[in-house]
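[1] Fold the following, please.
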Amino acid sequence: MTSIQAETILLFGEVLADIFDDRKVFGGAPFNVARHLQAFGLHPVLITRTGNDELRRELLAVIKDAGMDDCGIQLDVSHPTGQVMVHMEGREHRFEILPEQAYDYIHAGITHMITLAVRPQLIYFGTLAQRSAKSAQALGALIRSSNAPRFLDINLRKPWYDAPTLERSLRRANLVKINQEELDILTSLFRLSGKNQVQNADALVRCFGLDRVLVTCGERGAWLLDNEGKVEGVEGSASSRPLMDTVGAGDGFASVYILGLLRGWPATLTLSRANDFAATLCEIRGAIPDSPEFYEPFIKDWNI
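    Below is the predicted model:
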């Protein structure tokens, strides 16, 4: 994948609200990645769909406050804005991803028009929004409307994925981001041959014609394998501050990797910066910082 100079990114998929007993928090991987990209000075455009309800109005206010472009937020009068019910079970959270949400009905024709209008330099998509035929068709329309490189961020959430959706997604992608557990799942699902994770990633690249596979390893860092078999990696980032939670850390990693790709940073530097940013996110509660001041040290250190 070549270096990209312009900085408009289309992010396709779910925007939803995590509903806790005492609060609600907007999220979804495309939304989280877009929020970070906006804070870093890029131009993210979300393509999603919401209901005609109070959650939509609150979401649009959040997007406006963040200075984000809302041209891709479609309106659905028949289905609600996406929600995830968060249940406390002892000290753990259980996330119930509700079916039949507005983001399951993203409109293909509108998606096509938005794609042509914004002319993206990168397309970001995942798998959850493809659980419905309507949104899967809309993603297909987006892919056919642009020759931009495609970044697939695989977030496997049972029971909302299947082999045909994963295979179709992988064949559409240039770059795939997965974690170690997801690499193991794909290895088993597609019967890839390899004696270790690097060989499994190489088999994934060859099987689906990918440019590269990015594998995140949490506190142990991350590594990248390209279609020539070259492996580059970084160790985990040590922190003196206590871990709050890991919610959204992968989305933070993805956003900085995209930033580095667009700015032409060397691969190892990009991995290191993405890893540092994700580790710092783990020191706060939730996927998105409360204040834009959180980003200032990174913007200064990275000269962006």
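[2] what is the rounded mean pLDDT of stretch 219-237?
    Model confidence over stretch 219-237, given as mean pLDDT, is 93.
[3] can you start the count at 25 instead of 1 from here on
    Okay, residue one is now 25; in that scheme the one you just asked about reads as stretch 243-261.
[4] Dump it to PDB, restricted to CA.
    Provided in PDB are the C-alpha atoms of stretch 243-261 (Å, rounded to 0.1, in the frame of the first residue of the first chain):
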ATOM      1  CA  GLU A 243       0.400  -5.100  26.600                       C
ATOM      2  CA  ARG A 244       2.900  -7.100  24.600                       C
ATOM      3  CA  GLY A 245       2.900  -4.700  21.700                       C
ATOM      4  CA  ALA A 246       2.100  -5.300  18.000                       C
ATOM      5  CA  TRP A 247       3.600  -6.500  14.800                       C
ATOM      6  CA  LEU A 248       3.000  -6.200  11.100                       C
ATOM      7  CA  LEU A 249       3.500  -8.700   8.200                       C
ATOM      8  CA  ASP A 250       3.400  -7.600   4.600                       C
ATOM      9  CA  ASN A 251       2.800  -9.500   1.300                       C
ATOM     10  CA  GLU A 252       6.600 -10.000   0.900                       C
ATOM     11  CA  GLY A 253       6.900 -11.800   4.200                       C
ATOM     12  CA  LYS A 254       8.600  -8.900   6.000                       C
ATOM     13  CA  VAL A 255       7.800  -8.700   9.700                       C
ATOM     14  CA  GLU A 256       8.100  -5.500  11.800                       C
ATOM     15  CA  GLY A 257       7.100  -5.200  15.400                       C
ATOM     16  CA  VAL A 258       7.300  -3.200  18.700                       C
ATOM     17  CA  GLU A 259       7.300  -4.200  22.300                       C
ATOM     18  CA  GLY A 260       4.600  -3.100  24.700                       C
ATOM     19  CA  SER A 261       4.600   0.300  26.400                       C
END
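[5] for that stretch, the distance to its chain's centre please.
    19 Å (Cα atoms, centre = their mean, to the nearest Å).
[6] Need the residues that contact that stretch.
    The contact list for stretch 243-261 (Cβ atoms under 8 Å, 6 or more residues apart in numbering) reads 222, 225-226, 229-230, 234-242, 277, 291-292, 295-296, 298-300, 302-303. No exception for glycine: its C-beta is placed from N, CA and C like everyone else's.
[7] Show me the strands in this structure, by range?
    Along the chain, counting by DSSP state E, strands occupy 32-36, 40-43, 48-51, 67-75, 97-100, 106-113, 116-121, 146-149, 174-177, 199-203, 236-240, 246-250, 255-258.
[8] Distance to Thr135 and mean neighbour count for the ones you listed - can I get that in CSV?
    Formatted as CSV, the strands of the chain follow (distance: least, Cβ to Cβ, whole Å; neighbours: other Cβ atoms under 10 Å):
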stretch, distance to Thr135, mean neighbour count
strand 32-36, 8, 26
strand 40-43, 18, 22
strand 48-51, 21, 18
strand 67-75, 6, 25
strand 97-100, 8, 18
strand 106-113, 17, 16
strand 116-121, 22, 11
strand 146-149, 11, 25
strand 174-177, 14, 24
strand 199-203, 21, 23
strand 236-240, 26, 24
strand 246-250, 30, 22
strand 255-258, 34, 16
